[in-house]
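In: Fold the following and give me the result.
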Amino acid sequence: MRGLAAGIHALGVQSLTAAFEAGRVSVVAAVDHYLARIERFDPELKAFTFVDAEGARAAARDSADRYEAGTARPLEGVPVAIKANIDVAGWPVTGGIGAWRDRRAPADAAAVSRLRDAGAILLGLTNMHEGALGATTDNPFYGQTQNPYRAGFTPGGSSGGSAAAVAAGLCAAALGTDTLGSIRIPAGWCGIAGLKPGPARVPAEGLIHLVPRWDVIGPLGRSVADCTALFDVL
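Out: Numbers count the residues shown, from 1 in each chain. Presented below is the predicted three-dimensional model:
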């Protein structure tokens with residue numbers, strides 16, 4: 001386990017789950033590793049707008065118990081991040097809009113609930129272009145998200161925080177939203193995989209809509225296989 005610690009953030013969803021199952025990595029150690037990377041790198045990267053370290057660590061302990069008991073679920077212990085326009089119970093829900101800083105989600109979005117039920121651990125909310133109306137994630141209220149490969153360059157948008165967090169190894173995967181490219185653009189610009197599902201394939205309850213007939217929630221991951229693992233649950 002000691003030898004794997006430096007590379008936990010490079011494993012991705014499927015390989016991380018396999019490491020948990022084999023006992024090579026503990027869920028608690030993995031969550032601590034990701035939280036430490038967020039603390040170290042995100043002040044410059046500005047991929048996150050909110051981090052729930054206490055909640056993530058509590059969920060990690062529960063997931064570790066499930067692996068011990070042999071009751072692990074499909075995404076058990078996988079640390080994920082959620083775009084800031086998707087409801088997570090008790091967390092801020094801003095859509096990247098400064099005037100909404102104090103809003104709190106009353107309940108989980110349906111997609112978030114499905115991730116929780118599958119065992120995923122929620123780390124926090126990711127930055128986005130204000131109101132999802134743009135492709136640079138240069139947010140005047142929550143900061144300008146940087147491309148992990150080169151500071152001063154955009155990760156794309158509007159799901160730029162989610163893509164940057166995955167590419168920088170600050171989470172194993174993330175949820176984004178896409179209306180006219182808001183998952184696909186940042187996935188391409190950050191060198192990761194992203195999927196815009198077809199209409200109504202993923203429930204949109206709990207999403208701050210831009211254009212309801214086109215808006216969808218979808219996964220971003222280090223690989224197509226990792227996106228597939230999340231999409232199977234969503």
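
In: what's next to the helix ranked longest in the chain, contact-wise?
Out: Using DSSP state H to define each element, the chain has its longest helix at helix 27-45. With CB atoms under 8 Å, 6 or more residues apart in numbering as the contact definition, helix 27-45 has outside contacts at 1, 5, 8-9, 16, 20, 48, 51, 53, 56-57, 59-61, 63-64, 67, 76-77, 79, 121, 123-124, 145-146, 148, 151, 164-165, 168-172. All C-beta atoms are positioned from the backbone trio N, CA, C, and that covers glycine.

In: How about stretch 138-152?
Out: Residues contacting stretch 138-152 (CB under 8 Å, 6+ apart): 44-47, 49, 84, 94, 96-98, 101, 127-130, 137, 153-155, 157, 160-161, 164, 167-168, 189-191.

In: tell me how far the longest helix of the chain is from the chain's mean position?
Out: Mean-position distance between helix 27-45 and its chain equals 13 Å (CA atoms, centre = their mean, to the nearest Å).

In: List of residues touching the very next helix or strand once past that helix?
Out: Towards the C-terminus, the helix or strand next in line after helix 27-45, according to DSSP states H and E, is strand 48-51. Applying CB under 8 Å, 6+ apart, the contact partners of strand 48-51 are 35, 38, 42, 81, 84, 91-92, 94, 96, 123-127, 142, 161, 165, 170.

In: how about a cut-off of 10 Å?
Out: 34-35, 38-39, 42, 81-84, 88, 91-94, 96, 101, 123-128, 139, 141-143, 145, 161-162, 164-165, 170-171 (CB atoms under 10 Å, 6 or more residues apart in numbering).

In: If any of these are buried, put those into a PyMOL selection.
Out: Buried members of the contacts of strand 48-51, defined by 16 or more other CB atoms under 10 Å, are picked up in PyMOL with:
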select buried, resi 34+35+38+42+81+82+83+84+88+91+92+93+94+96+123+124+125+126+127+128+139+142+143+145+161+162+164+165+170+171
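
In: returning to what we had before: can you give me the buried ones in the longest helix of the chain?
Out: By 16+ other CB under 10 Å, the buried positions in helix 27-45 come out as 27, 29-35, 37-38, 41-42, 45.
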